[in-house]
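Chemist: just need the structure, nothing else, for what follows:
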Amino acid sequence: MLIYKACPRCSGDMTTNGDIYGDYKECLQCGLMQDIEKKRYTFSAELVRSRRKRSAREAKVAKVA
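Modeler: The predicted model follows:
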């Protein structure tokens, strides 16, 4: 995938690649390489609260319908 004007060093175009170590972005102009970190999902207090709020809203909608 090509990302235009995304390089922090030279404002050049970057492309995404991957190897056995993970995914990374590489600048086509200057050669800068940056790792792309995968998002790790953990159960935090915020996630639990947001799910409770959503289920409470769904219960209210079900009662109305």
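
Chemist: quick one: the residue nearest the centre of the chain from residue 15, how far?
Modeler: The structure's the chain has its C-alpha centroid closest to residue 39; by C-alpha atoms, centre = their mean the separation is 6.1 Å. Separation of residue 39 from residue 15 (C-beta to C-beta, to the nearest Å): 21 Å. The C-beta positions use only the backbone N, C-alpha and C, and glycine is treated the same way.

Chemist: check residue 29 too.
Modeler: Relative to residue 15, and taking C-beta to C-beta, residue 29 is found at 11 Å.

Chemist: now do residue 36
Modeler: Residue 36 is 12 Å from residue 15, where distance means C-beta to C-beta.

Chemist: need the overlap of contacts for these two.
Modeler: Taking C-beta atoms under 8 Å, 6 or more residues apart in numbering as the contact definition, residue 36 and residue 15 share the neighbouring residues residue 25.

Chemist: which residues of the protein fall in strands?
Modeler: 2-3, 14-19, 22-27, 33-35 (DSSP state E).

Chemist: which of the ones you listed sits most buried?
Modeler: For the strands of the chain, the stretch with the most neighbours on average is strand 22-27, a mean of 15; neighbours defined as mean count of other C-beta atoms under 10 Å.

Chemist: end to end, how far does stretch 2-20 reach?
Modeler: Separation of the first and last residues of stretch 2-20 by C-alpha to C-alpha, to the nearest Å is 21 Å.

Chemist: average pLDDT across it?
Modeler: In this model, stretch 2-20 carries a mean pLDDT of 94.

Chemist: my read is that residue 3 contacts residue 14, right?
Modeler: Yes: between residue 3 and residue 14 there is a contact at 4.7 Å, judged by C-beta atoms under 8 Å.
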